[in-house]
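Asks: Sequence plus the predicted model coming up.
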Amino acid sequence: MSETQKFRVHDLENKKNDNGIKNRYDVIIIGSGPAGYAAGIYTSRAKLKTLLITGTLPGGQLMTTSEVENYPGFPNGIFGPELMMNMRQQVERFGATIIDDEVTRVDFKAHPFLISTNSETYEALSVLACTGASPRKLGIQGEQEFGGRGVSYCATCDGPFFKGEDIAVVGGGDTALEEATFLTKFGRSVKIIHRRNSLRGSKILQEKALENSKIRFLWDHVVEGINGNKKIENIQIKSLKDGKKQTLSVGGLFVAIGHEPNTSIFKDQLELDDKGYVVLKDRTKTSVEGVFAAGDVHDFRYRQAVTAAGFGCMAALDVEKWLGEQKWWKEIQ
């Protein structure tokens, strides 16, 4: 424990006899999804008193995903919500406490750490941040309705479902160019819809996209609406130059305008990069000793369920090792 991160005074006396402290946990995991649930499996199985606070969307982004084909162990695929419920049950099987609540405030300035929700405040001897990241939305008619039914935010996750379809991609940065190029493996055609007349992505990605015969660019256009029946059938786009509107028949719309890490509660508590992602110092350790992170909350490159679960495993093992190295931890066992 660093000199600037002292135990709270009342805990110095009560540390060896904390049976009466109802809300103290060895580790509190903030956030669910593959990272949080995988971490919970490992910490609770290691006999650490574990509290997992799920957040506003228990199970994370996979709860809004239809079929998951690329998670190992499911040769015929599995529905996202089913996968998350299986993980949750596995966490509960090993004795962790799971609370469907949202963390509103954290205090990492002293130890034990304080984690506050809408209804309660908890003490944590260690913390694992697994709050993930959220894709930026277009905020247009039909976007929510057709989520998982033609509207996607991850080409790697959903691209194979769109074989032989005409596909549209919204965006002009690296993510949009990478996803559009990837989608040409499956789609009959790919249209990149960009609100400007030039791309923001790296030159090499621009060249690959511009040279790809399956990709067509619609410059100075925005998507205004999404329509269909059971799945997406067409989108409405508008020219920002002359206001002309047209309808495009598409079987899939991929929104690639970036992600927002869910780190607002960690502002002024953990070191964040210029995009708001948690900065890792060593493996899964954050800038605060005793606080760890896993998944999309720091990983802006891969953003896959399997990598998030892997990071959750790593962070849980790091938590267990860190606690075992603390002198005070040995005294209270």
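Replies: Noted; the coordinates are in hand. Residues are numbered from 1 along each chain as shown.
Asks: Nearest residue to the middle of this structure?
Replies: residue 132 (2.9 Å; CA atoms, centre = their mean).
Asks: How about the secondary structure of the closest residue to that residue other than its chain neighbours?
Replies: Of all residues beyond its chain neighbours, the one nearest residue 132 is residue 296 (4.4 Å), with distances taken as CB to CB, 6 or more residues apart in numbering. For the C-beta atoms, the positions are set from N, CA and C on the backbone; glycine is no exception. Residue 296 carries the three-state label coil when classified by DSSP: H, G, I helix; E, B strand; the rest coil.
Asks: Could you tell me the model confidence score at residue 296?
Replies: Looking at residue 296, its pLDDT is 94.
Asks: show me what contacts it?
Replies: Contacts were defined as CB atoms under 8 Å, 6 or more residues apart in numbering; by that measure residue 296 touches 33, 35, 132, 133, 259, 261, 303, 308.
Asks: For the last one, what is the enclosing helix or strand?
Replies: Spelled out, it's residue 308. Using DSSP states H and E, residue 308 sits in helix 305-325.
Asks: Mind giving me the packing neighbours of that helix?
Replies: strand 27-30, helix 33-45, strand 127-129, strand 291-293 (3 or more CB pairs under 8 Å, 6 or more residues apart in numbering; DSSP states H and E).
Asks: partners of the third one, with directions?
Replies: Taking DSSP bridges as the criterion, strand 127-129 forms sheet pairs with strand 27-30 (parallel), strand 291-293 (parallel).
Asks: How far away from the center of its chain is the shortest one?
Replies: Counting by CA atoms, centre = their mean, to the nearest Å, strand 291-293 is centred 15 Å from the centre of its parent chain.
Asks: Name the residues that touch that strand?
Replies: Contacts to strand 291-293, defined as CB under 8 Å, 6+ apart, come from residues 108, 113, 126-130, 270, 278, 280, 284-286, 315, 318-319, 322.
Asks: how about the helices of the chain, start to end?
Replies: Taking DSSP state H to define them, one finds helices in the chain at 9-14, 33-45, 80-93, 155-158, 174-183, 203-211, 305-325, 327-332.
Asks: right, and those helices - which one's nearest residue 138?
Replies: When the helices of the chain are ranked by distance to residue 138, counting by CB to CB, first place goes to helix 174-183 at 12.7 Å.
Asks: buried residues in that closest one?
Replies: In terms of neighbour count (16 or more other CB atoms under 10 Å), helix 174-183 has its buried residues at 174, 175, 176, 177, 178, 179, 180, 181, 182, 183.
Asks: Residue 328: which of those is nearest?
Replies: Distances from residue 328 to those, taken as CB to CB, are shortest for residue 175 (44.5 Å).
Asks: The closest one against residue 256, yeah?
Replies: Yes. Under the criterion of CB atoms under 8 Å, residue 175 lies in contact with residue 256, with a separation of 4.5 Å.
Asks: and residue 70, what does it touch?
Replies: So residue 70 contacts 156, 157, 304, 305, 306 (CB under 8 Å, 6+ apart).
Asks: and residue 213, how many residues sit next to it?
Replies: Using other CB atoms under 10 Å as the criterion, residue 213 is surrounded by 7 other residues.
Asks: mind giving me CSV with the contacts of residue 296 and columns for pLDDT and distance to residue 169?
Replies: Below are those laid out as CSV (pLDDT from 0 to 100; distance: CB to CB, whole Å):
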residue, pLDDT, distance to residue 169
33, 91, 25
35, 96, 27
132, 93, 23
133, 91, 19
259, 87, 15
261, 95, 22
303, 83, 16
308, 95, 23
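Asks: ok so, going back, any chance of the backbone angles for the residue nearest to residue 132?
Replies: Per-residue torsions, residue 296: phi -70, psi -10 (degrees, to the nearest 10).
Asks: so where is this structure shaky, pLDDT-wise?
Replies: For the chain, applying pLDDT under 70 flags the ranges 1-22, 64-66.
Asks: Let's see that with 80 instead.
Replies: When residues are selected by pLDDT under 80, those of the chain lie in 1-22, 56-61, 63-67, 333.
Asks: circling back to that earlier point, closest one to residue 231 among the helices and strands packed on helix 305-325?
Replies: Taking CB to CB, helix 33-45 is the member of the helices and strands packed on helix 305-325 nearest to residue 231, at 25.3 Å.
Asks: Remind me what that closest one packs against, helices and strands.
Replies: Using 3+ CB pairs under 8 Å, 6+ apart as the contact criterion, the secondary-structure elements in contact with helix 33-45 are strand 27-30, strand 50-53, helix 80-93, strand 127-129, helix 305-325.
Asks: Would you mark the buried spots in the longest one?
Replies: Think helix 305-325. Within helix 305-325, the residues scored as buried using 16+ other CB under 10 Å are 305, 307-320, 322-323.
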